[in-house]
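Undergrad: predicted model, plus sequence, below.
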Protein chains: 2
Amino acid sequence: MIAVASAAEERPARISGIDKIERRRVALAESALKTLGELGYARTSLREIANNSEFTHGVVHYYFRDKIDLISYCVRYYKTKCARRYDEVVETATSGEDLVTGFLGKMTQTLVEETPMHKLWYDLRAQSMFEEQLRPDVEAIDQLLEEMIWRILTRYADLTGTAPAVDAPTAYALIDGLFEQAVVGYAASPEKVPDLLSGRLLQVLPKLVAA
Amino acid sequence: MIAVASAAEERPARISGIDKIERRRVALAESALKTLGELGYARTSLREIANNSEFTHGVVHYYFRDKIDLISYCVRYYKTKCARRYDEVVETATSGEDLVTGFLGKMTQTLVEETPMHKLWYDLRAQSMFEEQLRPDVEAIDQLLEEMIWRILTRYADLTGTAPAVDAPTAYALIDGLFEQAVVGYAASPEKVPDLLSGRLLQVLPKLVAA
DNA sequence: GACTTTGTTTGACACTTGTCAAGAAAACTC
DNA sequence: GAGTTTTCTTGACAAGTGTCAAACAAAGTC
């Protein structure tokens, strides 16, 4: 029988084996994410993923039930890496200005250095409107990102002796709108986009809190 | 020779003929937009478009050079219908409150009644990050939408005796962020989304102007 | 009414896609 | 080291894709 490679399957055998499986999965997911980030969801085939990795296309199907299973795993894997990006800034900032500069720095940095991942994220979120199977994962990440923004905003309010003037979903939608605009713009012409993003966030952040 | 069916081609013959061609194009585009709005860019094939129309798949290729040509035409056709949605509200409003209620009403209305179009728009904008050929059209629409938002905001400022506190791209990114959040959420669970959107816009709009 | 142009149908092509299965290779067990 | 289990390769499949071209129908022209 073929090993059931999916979701929350139990495998009584070999503890070290299940670990190895998980490692292969992660390796495949990382490779897949690279390809997905470059080509986008629609244009990425399992064979393309396999070609850009050290494995053959059969291996992909050995470790993942089907394409959705792979993508879904990728998305979940990705989320573990993305939503903690600003934690250090939030924790170490000692003034509102401090927090803002740190936040802007990290944000423009990830915009530039991890463009493919962000492109993929916005792609997948759009796809989730058409492909129900993607929705749970996308919703979970959206939730995580919202909380991330909320942590920043409440901390910012604390440091400036103010209080958030909008609720968490609103704050997330607003800032995400600015970031998505930057990602789309960056894909087209990278030059001035990061500075523009910084400037716009600088305009907006103070308006999200009030005494 | 096959009639060159694309872009800005000149055709010296028959004035009434070129009109008929344009009408067929529009008919095909409208049909294609319906299918695209339901299935999304990735899952929509030319045959599917043809099947959901009164034409055969050969006709599609007779009037459009290739798939991109068709999609591109659809997008350009779509844009002529979308960016003037709030013009009447902007013109007839006699107070800030008037404008806001009118704006919110129209926005939640289009969210509900034209969901597929909005889904498609966000899908295409994401695709444009990967498919260069889509970029010019997407950028043009983005520009149009930005101007649309800007007209609303400046009018709002006028009526309330204030001035815009953010520039046009920022205002657009913020409001678009809220709207996209609503569209994505609406695709998943329609119930409370329109009201939430209204509430959030109501929170945000006053913050975009200042005395 | 013959003839040309324009529009449409149909079927084919080359290719890519996800999926799977049979068997080779490697790892592991005793 | 034989035998078993796990991992991987390879090749195949059916289905779907964009594209095109040859046959056919309709409309327009003289």
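TA: On my side now, so go ahead.

Undergrad: and the residue of chain A found nearest DNA strand D, how close does it get to chain B?
TA: In chain A, the residue found nearest to DNA strand D is A:Gly58; the distance is 2.5 Å by C-beta to the nearest atom of the strand. The C-beta positions use only the backbone N, C-alpha and C, and glycine is treated the same way. According to C-beta to the nearest C-beta, to the nearest Å, A:Gly58 and chain B sit 25 Å apart.

Undergrad: same deal with A:Phe64?
TA: Remark: distance between A:Phe64 and chain B (C-beta to the nearest C-beta) = 19 Å.

Undergrad: spatially nearest residue to that residue (excluding sequence neighbours)?
TA: Ranked by C-beta to C-beta, 6 or more residues apart in numbering or on different chains and with sequence neighbours excluded, the top spatial neighbour of A:Phe64 is A:Leu70, at 4.1 Å.

Undergrad: next: A:Pro194.
TA: Nearest non-adjacent residue to A:Pro194 (C-beta to C-beta, 6+ apart): A:Thr108, at 4.1 Å.

Undergrad: now the lowest-mean-pLDDT helix or strand in chain A: buried residues?
TA: Counting by mean pLDDT, DSSP states H and E, the weakest-scoring helix or strand in chain A turns out to be helix A:15-39, with a mean of 85. Counting neighbours by 16 or more other C-beta atoms under 10 Å in any protein chain shown, one finds that the buried residues in helix A:15-39 are A:21, A:25, A:28-29, A:31-39.

Undergrad: picking up where we left off before, the residue of chain A closest to DNA strand D: which element?
TA: helix A:57-63 (DSSP states H and E).

Undergrad: run through who's touching the next helix or strand after that helix.
TA: Sequence order places helix A:67-82 as the next helix or strand after helix A:57-63, per DSSP H and E. With C-beta atoms under 8 Å, 6 or more residues apart in numbering or on different chains as the test, helix A:67-82 has contacts from A:5-7, A:25-26, A:28-30, A:32-33, A:36, A:41, A:46, A:49, A:60, A:64, A:117, A:120-121, A:124, A:131, A:133-134, A:137-138, A:140-141, A:144-145.

Undergrad: put the buried members of the residues you listed into a PyMOL selection.
TA: In PyMOL, this line selects whichever of the contacts of helix A:67-82 come out buried by 16+ other C-beta under 10 Å:
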select buried, chain A and resi 5+25+28+29+32+33+36+41+46+49+60+64+117+120+121+124+131+134+137+138+141+145
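
Undergrad: and the helix holding A:Gly58 with DNA strand C, contact?
TA: Yes - Helix A:57-63 lies within reach of DNA strand C by C-beta under 7 Å from any atom of the strand, at A:57-58, A:61.

Undergrad: I'd like the mean pLDDT over that helix, please.
TA: Mean pLDDT, helix A:57-63: 94.

Undergrad: then stretch A:43-52?
TA: Mean predicted confidence for stretch A:43-52 is 94.

Undergrad: neighbouring contacts of that stretch?
TA: A:28, A:31-32, A:34-36, A:39, A:56-57, A:59-61, A:67, A:70, B:130.

Undergrad: and it, end to end?
TA: With C-alpha to C-alpha, to the nearest Å as the measure, stretch A:43-52 spans 14 Å from end to end.

Undergrad: tell me the buried residues in that stretch?
TA: Buried residues in stretch A:43-52, counted by 16+ other C-beta under 10 Å: A:44, A:46, A:48-50, A:52.

Undergrad: just those: which are in helices?
TA: Members of the buried residues of stretch A:43-52 lying in helices (criterion: DSSP state H): A:46, A:48-50.

Undergrad: now, which of those residues sits nearest chain B?
TA: Nearest to chain B out of these is A:Glu48 (C-beta to the nearest C-beta; 13.1 Å).

Undergrad: within range of DNA strand C, give me the residues from chain A.
TA: In this structure, chain A approaches DNA strand C at residues A:14, A:43-48, A:57-58, A:61, A:65-68, judged by C-beta under 7 Å from any atom of the strand.

Undergrad: closest to chain B among the residues you listed?
TA: Using C-beta to the nearest C-beta, the residues of chain A next to DNA strand C come closest to chain B at A:Arg43, 6.5 Å.

Undergrad: so stretch A:114-132, near chain B or not?
TA: Yes - judged by C-beta under 8 Å from any C-beta of the partner chain, stretch A:114-132 and chain B are in contact via A:119, A:122-123, A:125-131.

Undergrad: can you pick the most crowded of these?
TA: With neighbours taken as other C-beta atoms under 10 Å in any protein chain shown, the top of the residues of stretch A:114-132 next to chain B is A:Ala126, carrying 30 neighbours.

Undergrad: report the rounded mean pLDDT for the host helix or strand of that one.
TA: Assigned by DSSP H and E, A:Ala126 belongs to helix A:115-127. Per-residue pLDDT over helix A:115-127 has a mean of 95.

Undergrad: contact partners of it?
TA: So helix A:115-127 is contacted by A:33-34, A:36-38, A:40-42, A:71, A:75, A:78, A:82, A:110-111, A:134, A:138, A:141-142, A:179-180, A:183-184, A:186-187, B:40, B:42, B:119, B:122-123, B:125-127, B:129-130, B:184 (C-beta under 8 Å, 6+ apart).
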